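Novice: Give me coordinates for this.
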Amino acid sequence: MKLRFAAASVLLSAALVQPVQPAHATVPADADAAMSAFIATFWDPAKKYFYANSDRRIHPEHAHGPEDGLYTDFWWEAQLWELVMDAYERTGSAAHRKMIDDVYAGFVAYYPTFENNFNDDLGWWALATARAYEITDDATYLNRSRSLFDRIWAEQDSTFGGGIWWRRNVRDQKNVATNAPAVITATKLYAATGDASYLTRAQSLFAWIKANLQESGHVYDHLEGSGSGTLVKWDFSYNFGTYISAAAALHKATGTASYLADARGAADWATTYLTNGGTMMHEGVDDGGGFKARLVRALNTLVTDHGQRQYLPFLQRNATQAWRHRRTSDNLVGPDWSAPAPSTYLQSLTAAAAVSTLQIVQPDGNTGLQPEDGVYEAENARPAAIDSESSQAGFSGRGYLAGWNTSGQTLTFHVNVASAGTHELRFRYAAGAGDATRRILVNGTQVAADQPFPSTSGWGAWNTAALKGVTLARGYNTIRLEMGSNFLNLDRLDLSGRR
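Specialist: Residues are numbered from 1 along each chain as shown. This is a model prediction of the structure:
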């Protein structure tokens, strides 16, 4: 049997969490500083290419780009090219305009035929070149986008009812990452050429994604297997971002209200469930380190192009949260916007996510502390060797952490509070195998050697365990749970103040 913590949230009580100001965003000078720091660290003007890592060394963990991985890989460079376009559109800088052409030239020097087995990688360049054409009016970019889109579209067929395959040599899945960016590209090509076939293809692809890879705004990852396919329900901000952007692009192209409703549904789901305390959740490093940028870009499009300003405070607060947690030595932001950037090397895609956010999100001039709302879902926190699931009813958020019964399994919450003082930690959990305990440390100091989690009547029966009188510092803190006794499922941490 297992001891389960329901998708436990850690809550900071109202006394602990002071009223959050309406919107706190960076100032324009922060966007300038972030872009300058990124270029100084990652740009190689001789090769006209971005380094993969801030120390400009090859690291085998993600060594897939040119020069044995010294430089960024295929799809990363497309994202960094879009960052350069973000900076140019914000500033109109001649240097950034020149860099648009330079990045493209540097990439073509390494990939003259754009050879790649992954249609999503090709798709990012199809989309980026379409955007470059919109900015520069250079037909080189339009022609490249059209040729890449044609290559991708050739991988569309009726398996699973439609959609484009992810890989070219092995047709094993159809995912959001391939199909949603293709929708956006097709709408841009329609606008650029007037060729209605692009719009028809965009609409058919989106209809397939909506029917097969999302449900009530919840965007899943891919279909695989035989027959009608098996739906793989991974949650990535990247997928939500591309789905929202695709729907928004079709709304812009057609004026059809249902597309905007589709975009809002996914945006509401993502901003509700893919956060911790209101800050966008950590999704790891490597590819995951850049996922947030796609969601930010999509939400910002809803704000700026479609009048959906309800998402602006979320974007502004996250922009400031990321920037406040930069490391002062080089002004780079890490993969977890709730926590200070690590002192180790940082990957270019990870660092670029915050820089893009600062370029595109409207600042409001407030750079103050960004306290979180005190509700932290366990499945969105930082587990070590603990799996998440959602099979038991009654959890909050997306699920809970389950099967926690082995030495070495830990869970860390990164929390940001408005004021220093004593607070109450409330853990929502299930303990269907009997009484359990956990060791709890705050900012590295033990505050409970054996915090009790009394038995519940079953794994679907949730209870709350409270720990009072816990001292937290103003701003950033860590709350860590370590293995004690018995099984536990953790659902959520609620942080309350002054208890």
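
Novice: CA only for contacts and neighbour counts going forward, please
Specialist: Will do.

Novice: And what about residue 371, helix, strand or coil?
Specialist: Per DSSP: H, G, I helix; E, B strand; the rest coil, the local secondary structure of residue 371 is coil.

Novice: Tell me how many other residues surround it.
Specialist: 25 (other C-alpha atoms under 10 Å).

Novice: Same question for residue 361.
Specialist: Quick note: residue 361 (other C-alpha under 10 Å) scores 25 neighbours.

Novice: got it, and residue 197?
Specialist: Neighbour count for residue 197, taken as other C-alpha under 10 Å: 13.

Novice: Out of the helices and strands in this structure, which is least certain?
Specialist: Counting by mean pLDDT, DSSP states H and E, the chain has its least confident helix or strand at strand 9-12, which shows a mean of 42.

Novice: Next secondary structure element downstream of that one?
Specialist: Note on strand 9-12: by DSSP states H and E, the next helix or strand toward the C-terminus is helix 28-42.

Novice: Reduced to three states, what does residue 341 come out as?
Specialist: Secondary structure for residue 341, judged by three-state DSSP, is coil.

Novice: That one - nearest residue in space that isn't next to it in sequence?
Specialist: Leaving aside its sequence neighbours, residue 341 sits nearest to residue 334 (C-alpha to C-alpha, 6 or more residues apart in numbering; 4.3 Å).

Novice: Hmm, that neighbour is touching residue 346, no?
Specialist: Yes - under the criterion of C-alpha atoms under 8 Å, residue 334 is in contact with residue 346, at a separation of 6.7 Å.

Novice: ok, these two, which is more surrounded?
Specialist: Set residue 334 next to residue 346 and count neighbours by other C-alpha under 10 Å: residue 334 wins out with 31 against 22.

Novice: Can you check the pLDDT for the more buried one?
Specialist: Listed pLDDT for residue 334 reads 98.

Novice: Return the residues in contact with it.
Specialist: Counting by C-alpha atoms under 8 Å, 6 or more residues apart in numbering, residue 334 makes contact with 325-326, 340-342, 346, 350-351.

Novice: Let's see the ChimeraX selection covering just the buried ones among these.
Specialist: To isolate the buried ones among the contacts of residue 334 in ChimeraX, judged by 16 or more other C-alpha atoms under 10 Å, type:
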select :325,326,340,341,346,350,351
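
Novice: tell me which of the contacts of residue 334 is nearest to residue 461?
Specialist: Nearest to residue 461 among those: residue 340, at 36.1 Å, using C-alpha to C-alpha.

Novice: Tell me how far residue 410 lies from residue 422.
Specialist: 24 Å (C-alpha to C-alpha, to the nearest Å).

Novice: Quick one: the strands in the stretch 1-150 of the chain, in order.
Specialist: Ranges of strands within the stretch 1-150 of the chain are 9-12, 43-44, 49-50, based on DSSP state E, counting those that start in this stretch.

Novice: hmm, I was thinking of the stretch 251-400 of the chain
Specialist: According to DSSP E, counting those that start in this stretch, the strands that the stretch 251-400 of the chain contains are 275-276, 279-280, 375-377, 382-384, 387-389, 400-402.

Novice: so where's the stretch 151-300 of the chain uncertain?
Specialist: Applying pLDDT under 70 to the stretch 151-300 of the chain flags no residue at all.

Novice: domains for this protein, by residue range?
Specialist: 9-17+372-497, 28-360 (automatic domain parsing).

Novice: Centre of the chain to the shortest one, how far?
Specialist: Offset of domain 9-17+372-497 from its chain centre (C-alpha atoms, centre = their mean, to the nearest Å): 23 Å.

Novice: Spatially central residue in this structure, please.
Specialist: The centroid of the chain falls nearest to residue 292 when counting by C-alpha atoms, centre = their mean (2.7 Å).

Novice: Excluding chain neighbours, what is closest to that residue?
Specialist: Per C-alpha to C-alpha, 6+ apart, closest to residue 292 is residue 237, 5.8 Å.

Novice: OK, contacts around the one you found?
Specialist: Applying C-alpha under 8 Å, 6+ apart to residue 237 gives the contacts 270, 274, 291-292, 294-295.

Novice: Can you tell me how far it is from residue 162?
Specialist: 24 Å.

Novice: again, but for residue 482
Specialist: Residue 482 is 47 Å from residue 162, by C-alpha to C-alpha.

Novice: between the two, who's got more neighbours?
Specialist: Neighbour totals were compared for residue 482 and residue 162, and residue 482 leads with 21 against 16 (other C-alpha under 10 Å).

Novice: Do I have it right that the more buried one meets residue 439?
Specialist: Yes - counting by C-alpha under 8 Å, residue 439 is a contact partner of residue 482 at 5.0 Å.

Novice: what lines up beside the one helix or strand residue 470 maps to in the sheet?
Specialist: In the assignment (DSSP H and E), residue 470 maps to strand 463-472. Here strand 463-472 is paired, per DSSP bridges, with strand 421-430 (antiparallel).

Novice: Could you report the neighbour count for the closest residue in space to residue 75 that isn't next to it in sequence?
Specialist: In this structure, residue 75 finds its nearest non-sequential neighbour in residue 121, 5.0 Å apart by C-alpha to C-alpha, 6+ apart. Residues lying near residue 121 (other C-alpha under 10 Å) number 23.

Novice: now do the one 5 residues further on
Specialist: Residues lying near residue 126 (other C-alpha under 10 Å) number 31.

Novice: give the contact list for it.
Specialist: Residue 126 makes contact with 144-146, 148-149, 185 under the criterion C-alpha under 8 Å, 6+ apart.

Novice: now the end-to-end length of stretch 469-478.
Specialist: By C-alpha to C-alpha, the extent of stretch 469-478 from end to end equals 16 Å.

Novice: My error: substitute stretch 337-344 in the last question.
Specialist: Terminal-residue distance, stretch 337-344 (C-alpha to C-alpha): 16 Å.

Novice: One more: stretch 206-226?
Specialist: Length of stretch 206-226, first residue to last, C-alpha to C-alpha: 22 Å.

Novice: which parts of it are buried?
Specialist: For stretch 206-226, using 16+ other C-alpha under 10 Å, the buried residues are 206, 208-210, 212-214, 217-224.

Novice: what about it, distance to the chain center?
Specialist: That offset, for stretch 206-226, works out to 18 Å (C-alpha atoms, centre = their mean).

Novice: Contacts for that stretch next, please.
Specialist: Applying C-alpha under 8 Å, 6+ apart, the external contacts of stretch 206-226 come out as 160-163, 172-177, 179-180, 183, 229-236, 239-240, 243, 246-247, 262, 264-270.

Novice: same thing with stretch 75-84?
Specialist: Here stretch 75-84 has contacts from 49-50, 96, 99-100, 103-104, 107, 121-122, 124-125, 128, 349, 352, 355-356, using C-alpha under 8 Å, 6+ apart.
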